[in-house]
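**Student:** Build the 3D model from these lines:
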Amino acid sequence: MISNTFVCRCLYILLFMGIQVSSTAQITLRTANSNAVKNPQPVTGRILYDFRYVKDTSRRDYIYTETLELDYTKTSSYFTSYTAKQNDTLMQQQLAAAFKNAPDPDRVEITLTGGAAASSDKFYTESHPQPRVYAIRRLAGTAFIIPASQVSINWKIIDSTKTIQGFVCQKARGSSYGRQYTAWFCTDLPYRFGPRRLHGLPGLILEAYDDAMEVVYHLNRVEDFNTGLAPIGLPGDAETTTSAAFAQAEEAFKRNPQAFIDANRGKRTTGRTAGITDGFDPSKIKSINVRKSSTEPAGIKANNPIDLVKDPS
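**Tutor:** Numbering: from 1, shown residues only. Prediction:
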């Protein structure tokens with residue numbers, strides 16, 4: 001899911017905080033659960049990708065951009081939005097400033113603004129003992145795991161090489177969820193992972209793009225090993241579901257967010273979003289104002305999904 005504005009991210013974070021804001025700016029607090037992951041794996045390294053995406057096929061002049069992150073271990077990887085993490089840092093700074101500068105520390109008025117567009121999809125991939133890919137989605141702090149049915153990619157490795165930022169890469173071609181991709185992978189980084197659902201080559205994928213050049217991942221940088229990042233794994237208290245069931249839950253949330261929150265009380269998790277509100281007491285918040293901030297042109301429609309083929313229900 002590609003979010004157009006900072007607003008959606010802010011609202012989700014407020015739900016992670018357990019804040020319900022009424023028309024009179026009164027708030028109630030709900031307690032979130034832990035952010036533990038199953039079978040945590042220490043991160044070996046990290047790759048950042050510059051992502052370019054034709055979101056609206058009727059407006060090819062507009063290219064959506066974002067920075068994406070791949071944390072990897074010897075046997076697993078976690079793919080998420082680096083831009084979203086930067087937005088979280090910005091939000092935390094704004095929260096800190098609001099609490100610090102509030103005339104009345106017990107009645108804090110908060111304005112959240114700024115931040116680039118960011119995607120909410122996350123993917124966890126395992127290469128051992130057998131390949132598995134999971135989409136990780138969240139609604140109102142409730143985590144869902146969606147196992148992919150289309151896991152294996154029938155890659156054809158081609159006798160062609162090029163150097164990307166000093167890394168000698170080899171070319172491969174393969175199809176994933178309805179798109180034909182070219183991938184450039186580096187065997188000097190012998191990990192079988194890449195952006196989003198792309199995986200299974202004998203080296204990290206540093207660049208990938210589909211034939212139409214509508215979905216493009218360019219290498220931004222490879223981080224040094226032993227980065228000290230938090231261990232990765234599937235959310236420990238997430239609910240396993242299907243794409244179709246999650247779509248129904250998402251529609252229910254859009255229709256009535258509060259009813260969805262109440263129905264899922266007790267299953268809420270913060271996942272890797274934990275830490276945004278560390279040190280802040282939500283009970284002292286008097287009001288919250290979220291200001292829209294987007295550079296996307298008016299009229300853009302998300303009519304070009306990255307996955308052209310959906311998982312079976």
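**Student:** make it CA atoms for all contacts and neighbour counts henceforth
**Tutor:** Fine.
**Student:** need the helix or strand of the protein with the lowest average pLDDT.
**Tutor:** Lowest mean confidence among the helices and strands of the chain (mean pLDDT, DSSP states H and E): strand 27-29, at a mean of 27.
**Student:** Distance from the chain centre to the next helix or strand after that strand, please.
**Tutor:** Downstream of strand 27-29, the next assigned helix or strand under DSSP states H and E is strand 45-53. Centroid separation for strand 45-53 versus its chain: 12 Å, with Cα atoms, centre = their mean, to the nearest Å.
**Student:** now do stretch 92-111
**Tutor:** On the basis of Cα atoms, centre = their mean, stretch 92-111 sits 28 Å off its chain's mean C-alpha point.
**Student:** what's the span of it, first residue to last?
**Tutor:** According to Cα to Cα, to the nearest Å, stretch 92-111 extends 12 Å from its N-terminal end residue to its C-terminal end residue.
**Student:** Any buried residues in it, and which?
**Tutor:** Applying a neighbour-count criterion of 16 or more other Cα atoms under 10 Å, one finds Q92, Q94, L95, A96, A98, F99, V108, E109, I110 buried in stretch 92-111.
**Student:** And for the residue nearest to R132 when sequence neighbours are not counted, the neighbour number?
**Tutor:** Of all residues beyond its chain neighbours, the one nearest R132 is E126 (5.1 Å), with distances taken as Cα to Cα, 6 or more residues apart in numbering. Neighbourhood size, E126 [other Cα atoms under 10 Å]: 22.
**Student:** List the residues that contact E126.
**Tutor:** Taking Cα atoms under 8 Å, 6 or more residues apart in numbering as the criterion, E126 is in contact with T75, S76, S77, R132, V133.
**Student:** Most neighbours of all these, which one?
**Tutor:** Using other Cα under 10 Å as the contact criterion, the top neighbour count among those goes to S77, which has 30 neighbours.
**Student:** what ranges do the helices span in the stretch 1-150 of the chain?
**Tutor:** 6-17, 82-101 (DSSP state H, counting those that start in this stretch).
**Student:** Spell out the residue ranges of the helices in the stretch 201-313 of the chain.
**Tutor:** Remark: helices assigned in the stretch 201-313 of the chain by DSSP H, counting those that start in this stretch are 243-255, 257-263.
**Student:** Show me what the first one is packed against.
**Tutor:** For helix 243-255, the helices and strands in contact under the criterion 3 or more Cα pairs under 8 Å, 6 or more residues apart in numbering; DSSP states H and E are helix 257-263.
**Student:** The same query, at a cut-off of 10 Å, please.
**Tutor:** With contacts defined as 3 or more Cα pairs under 10 Å, 6 or more residues apart in numbering; DSSP states H and E, the packing partners of helix 243-255 are strand 132-139, strand 142-147, helix 257-263.
**Student:** F193 is nearest to which of the ones you listed?
**Tutor:** The closest of the helices and strands packed on helix 243-255 to F193 is strand 132-139. By Cα to Cα, the value is 10.6 Å.
**Student:** quick one: that closest one to helix 243-255, angle?
**Tutor:** What separates the directions of strand 132-139 and helix 243-255 is an angle of 10 degrees, with axes from the mean of the first three to the mean of the last three Cα atoms, to 10 degrees.
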